[in-house]
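Engineer: Predicted model and sequence follow; I will ask about them next.
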Amino acid sequence: MTRDLALSIDVGTGSARAALVDGGGRILAIAAKEHEQIVPQFGWSEQRPADWWDGVVHSVRSVLDKVDGARGRIAAVCACGQMHGTVLVDDTGALTRDTVPLWNDKRTLDLVAAFERDHAPDSYLAESGNPPTPAWPGFKLAWIRDHDQDLAAAEAKARETIPEPEIVLSRIAAIVAHDRREQLQKVRSHTLAICARDDMVTPLYFTEELVRLIPHARAYVLPDGGHFFPNVHGAEFRRVVTTFLLES
């Protein structure tokens, strides 16, 4: 059976969506499932990661059911989603809290203001490339550290029962376990990695490492556009992706 379809998945703030697209860029089927945005108090914004997964499963199954033989025709899977949702998991991969603060959550305004007060812009902009905002996970992690009683209690209990060196080693082990680079050698599909040379969120060396480790992978590097290069260079991005899919 010819593999001539791309399965696209997007986990947005309002819903999880999936679509089947043919080699000419025509959308053959699309489906979505909305998820709740939880506002415990003014300025806060949370969602349940479990709802994201349920929405993806529902949407993917829906589009696969709408197109004949779709399950055997998938040539590529493309995924994107909302940024800066701070999802914490334990060493088994289970969620540590049912809800997570989203990109549009503003509970960290005081932390951001304190950071701006204590740090001159020229002390961090060269590395961050961005001004501090409540969207960034670092501020959300600080807020969770200071305010989430359940996590604080769990950490206190761990410190009472587990020696400090073992805690450090377990954290190192968790980082190593999260490293899936050795799995990249198993990718058999032709792969195109696109990036912008000035992207500071996903730097160029990420793309270079992917291309080095994935068999039959190649890179396409745009001169600029930062992390939003698909918007800055929309026509070129679409042309490159379409050409790649047709060749594959």
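Structural biologist: Happy to help now that I have it.

Engineer: who are the neighbours in contact with Pro40?
Structural biologist: By C-beta atoms under 8 Å, 6 or more residues apart in numbering, the residues touching Pro40 are Glu46. C-beta here means a position set from N, CA and C on the backbone, and glycine is covered the same way.

Engineer: Recalculate using a threshold of 10 Å.
Structural biologist: By C-beta atoms under 10 Å, 6 or more residues apart in numbering, the contact set of Pro40 is Glu46, Thr99, Arg107.

Engineer: what's the burial count for the first one?
Structural biologist: What it means is Glu46. Neighbours of Glu46 under the rule other C-beta atoms under 10 Å: 18.

Engineer: Now it, what are its backbone angles?
Structural biologist: Backbone torsions for Glu46, taken as degrees, to the nearest 10, come to phi -130, psi 160.

Engineer: distance of it from Val87?
Structural biologist: Counting by C-beta to C-beta, to the nearest Å, the separation of Glu46 from Val87 is 11 Å.

Engineer: tell me which residues of the longest helix along the chain are tucked away?
Structural biologist: As assigned by DSSP state H, the longest helix anywhere in the chain is helix 49-66. Neighbour counts over helix 49-66 (16 or more other C-beta atoms under 10 Å) mark Pro49, Asp51, Trp52, Gly55, Val56, Ser59, Val60, Val63, Leu64 as buried.

Engineer: try stretch 223-243
Structural biologist: By neighbour count on 16+ other C-beta under 10 Å, the buried set for stretch 223-243 is Gly225, Gly226, His227, Phe229, Pro230, His233, Phe237, Val241.

Engineer: Could I get the pLDDT score of Arg97?
Structural biologist: pLDDT, Arg97: 86.

Engineer: thinking it is in contact with His147, fair?
Structural biologist: No - counting by C-beta atoms under 10 Å, Arg97 stays clear of His147, with 11.4 Å between them.

Engineer: higher neighbour count, those two?
Structural biologist: A count of neighbours by other C-beta under 10 Å puts Arg97 above the other of Arg97 and His147, at 17 against 10.

Engineer: next one: phi and psi at that one?
Structural biologist: Main-chain dihedrals, Arg97, degrees, to the nearest 10: phi -150, psi 140.

Engineer: Just to check, Val60 is in contact with Asp54?
Structural biologist: No - between Val60 and Asp54 there is no contact, the gap being 11.1 Å when judged by C-beta under 10 Å.

Engineer: Identify the contacts common to those two.
Structural biologist: Counting by C-beta under 10 Å, 6+ apart, the shared contacts of Val60 and Asp54 are Ala16.

Engineer: Overlap in contacts, Glu46 and Val87.
Structural biologist: Common contacts of Glu46 and Val87 (C-beta under 10 Å, 6+ apart): Arg97, Thr99, Val100, Pro101.

Engineer: my guess is the second one meets His35, correct?
Structural biologist: Yep, that's Thr99 we're talking about. No - the pair Thr99 / His35 is not scored as a contact, 11.4 Å apart, by C-beta under 10 Å.

Engineer: joint contacts of the two?
Structural biologist: Gln47, Arg48, Pro49, Ala50, Asp51.

Engineer: which two from those residues end up farthest apart in space?
Structural biologist: Within the shared contacts of Thr99 and His35, Gln47 and Ala50 form the most distant pair, 9.5 Å apart (C-beta to C-beta).

Engineer: pLDDT below threshold where in this protein?
Structural biologist: For the chain, applying pLDDT under 70 flags the ranges 1, 150-152, 154-156, 158-159, 161-168, 170-178.

Engineer: ranges for the helices of it?
Structural biologist: Along the chain, counting by DSSP H, helices occupy 49-66, 109-118, 125-128, 137-147, 149-161, 164-178, 204-213, 229-232, 234-247.

Engineer: Show me which residues of the second one are buried.
Structural biologist: Within helix 109-118, the residues that qualify as buried by neighbour count (16+ other C-beta under 10 Å) are Leu111, Val112, Phe115.

Engineer: Pop the domain breakdown of this protein in here.
Structural biologist: Following automatic domain parsing, one finds the domains of the chain at 1-100, 180-248.
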